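J.: let me see the structure of the following:
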Amino acid sequence: MSRPKIGEVLVEQGAFGPSAVARVLMEQAQGQPGRFGEIAARLGLVDGATLGRAVAKQFGLRYAEDDALARLTPPAEAIVLLPAPLCRERRIVATFFDPAERLLTLLCADPTDVPALKEAQRVSGAARLRLVIASPAAIDGLLARLMPEAKAVAPPARSPLLFEPEPDRRAALRALMAAEGDRGEVVATAEQVTAALEDGGVGRVLYPPHAAAEVARAADGWRRLSPGLHLTALPGYSPFAAPPVPWAAARAFLFALVERLLLAAEAKHLDLRARVRREAELARALGGLLKLPEEERDALGLAAMFVELDKLSVFGHLNPEHAARGAATSRHAAAIALLEPLGCPWPVVPLLRGLEAREDSGQTSRSLAVEALRVALRVCQRPTNADADAAALLGDAAQGVPAEVLSALNAALRRERVTRSLVSGDGQRPRLLVAERDPATLTALDAALTQAGFEVAFAADGEEALALARSQRFAAALLAARMPRKDGFTTLYTLKRDPETARLPVLLLTDAGSPKDQARGLELGAEDVLERPVNLPVLLARLRRAAASAPAAPSAGIGGQLQDLPLVELLQTLTLGGKTAHITVSSGGDEALLALESGRLVYARLGASSGAAAFFTAASWRAGRFEVRMNAAAPGQNIAESGDFLMLEALRRQDEGAR
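T.: I've put the predicted structure just below:
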């Protein structure tokens, strides 16, 4: 989950005014090093305590006041968990360790110092961290009192020692190190590691995950020989390369990039763009419900994006001769001619060929993936009927569709309906007017605003925006400052001086580094002025605030099955929409209550269990029911962890359970 910028938090807290913001931005424009808060502190515009409070609010964490730290004396068993050099250099202090949950509470000045936090977790053996923010000066004072004689550990005198028991991998590593000109060592046994530590000069031992048990048995002895020794599990072969990119992140990036490149040019064809996006989402969802292999699910999503390539504006720019060569012989020849020479590693081309054969013959395909792609396209190309089942939506096209595909389609449609209800809250979707000149930005806004529960009308310029604002009712408007015909400033001026549109909240989107444009927009009556590149979470928060004319009343419950929408996906939907809600989840006679405030999970209870532990238990349920009551206040707060951590940890536990 993205967070607000520290400058915005400082302004919201009243610690910063326009002149201070302008001064920091000027320093950044002149190439001064450091982040916004660091520059502000260096210029004396904000003190450490104020900056610490802003950081705590930015990350949704608690803040420890300076006077509280002056009185704090953590237990000795917590203090010794972390080496003094790590504490002093990275300004972190262990204050409490819960052995039952392996939960370590840390004071820190910078929650974005991920390497230091990971090292603290590794050294302490903690399963989880609970962070509390404090000012750098207060932490320095606490460390001076707790560790007056701490000294820095000297850096290792040579390259890391790599422990690799398997001969083939050991030989490959040695060859790699020789090729890279490194003089490090690769050893085969724990005894050889011990001998190297006795010789001195080794500060870090790298080892592959498959050697973890052997390392664990020897670790205590190694650390007695070399205090401060770092033991690092290495997922790849090279001790010098950065950790490999997680496959899930790489796949998500690839799909987002393909979608953006294919659809960004469709500024004038929003209906086609929305349909292609929904086809891809529905096709991948069907692949998951049919339990197809992961590569086939990915292929379904890609095939759905490329299947209508000839209708997209980008088609003529990719390779015009593909269309001329294949139009007469194949409906999908253009997509196949584009993908096949590139060596697409997913079975997209076989899917497109199988789809064409299915359509030509009318005979049911033996491939469930082909049938899933076909029904996803048919459903999305017909008028939407929110309550219809699969057979009704498909009509005559349902003939010959395997029963498991129809069942999966019904489950996917139920999930869509529940998600749509959650996004829109009580069913009232705020309508937004968006006037934007840039197709790529338009594409990003289209996806994000729709997913966040807004109904959006787009205008290509100021003239069109004025016409729409005068003929329809909108909750808020977002105008680009630079547009053809009428620019955003002229449009804003006209809207605010027309009695029929004067009360319409307007946000202005300016180019980066344009303080004069920001001032001009505010003077003309804009509720807020944002800079490019668009920070979508901040924009969504501003639009929700602008569109909220009155507090919403608690709504009727929105119910569904965990089989259709698992708890983690349900929470992600509510989090993205910034919702406040109660969630009751039941399974096998057990019932859990969870509560969100403005999109953040703050409370969970399940029987005698509470907090994160209760959430993780409920997130593991594969079957059961849920009911969501929107706009219901939380009964309290017993969760301090961030939503990102909770979701990722829940998914990790599910993966472990599946294995």
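J.: domains for this protein, by residue range?
T.: The chain breaks down into these domains under automatic domain parsing: 6-146, 161-233, 248-424, 431-547, 558-658.
J.: after the lowest-mean-pLDDT helix or strand in the chain, next one along is what?
T.: Across the helices and strands of the chain, mean confidence by mean pLDDT, DSSP states H and E is lowest for helix 320-326: a mean of 50. Remark: after helix 320-326, the chain's next helix or strand is helix 333-339, criterion DSSP states H and E.
J.: may I have that following helix as CSV, with CA atoms only?
T.: The C-alpha coordinates for helix 333-339 follow below in CSV (Å, rounded to 0.1, in the frame of the first residue of the first chain):
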residue,chain,number,x,y,z
ALA,A,333,-3.1,-13.7,-37.6
ALA,A,334,-1.9,-10.3,-36.5
ALA,A,335,-1.4,-11.2,-32.9
ILE,A,336,0.2,-14.6,-33.8
ALA,A,337,2.5,-12.9,-36.3
LEU,A,338,3.6,-10.4,-33.6
LEU,A,339,4.1,-12.9,-30.8
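J.: so which elements touch that helix?
T.: helix 294-306, helix 320-326, helix 348-361 (3 or more CB pairs under 8 Å, 6 or more residues apart in numbering; DSSP states H and E). Any C-beta I mention is one placed from the backbone N, CA and C, and that applies to glycine too.
J.: if you compare those, which one is most tucked away?
T.: helix 294-306 (a mean of 23; mean count of other CB atoms under 10 Å).
J.: hang on, Ala116 packs against Leu86?
T.: Yes: in this structure, Ala116 is within contact of Leu86 by CB atoms under 8 Å, at 6.9 Å.
J.: now do the shared contacts for those two.
T.: Residues touching both Ala116 and Leu86 (CB atoms under 8 Å, 6 or more residues apart in numbering): Ile92.
J.: and Ala403, which of the helices and strands packed on helix 333-339 is closest to it?
T.: helix 348-361 (16.8 Å; CB to CB).
J.: now do that closest one: distance to the chain's middle.
T.: Put simply, helix 348-361 sits 35 Å off its chain's centre (CA atoms, centre = their mean, to the nearest Å).
J.: stretch 604-622 now?
T.: On the basis of CA atoms, centre = their mean, stretch 604-622 sits 23 Å off its chain's mean C-alpha point.
J.: buried stuff in it?
T.: Judged by neighbour count using 16 or more other CB atoms under 10 Å, the buried positions of stretch 604-622 are 604-606, 610-619, 621.
J.: is Leu495 in contact with Arg470, as I believe?
T.: No: at 9.0 Å, Leu495 does not count as touching Arg470 under the criterion of CB under 8 Å.
J.: worst mean pLDDT among the helices and strands packed on helix 333-339?
T.: Mean pLDDT per stretch puts helix 320-326 lowest among these, at a mean of 50.
J.: what stretches of the stretch 401-550 of the chain score poorly on pLDDT?
T.: In the predicted model of the stretch 401-550 of the chain, residues 420-429, 439-440, 548-550 satisfy pLDDT under 70.
J.: all set, thanks.
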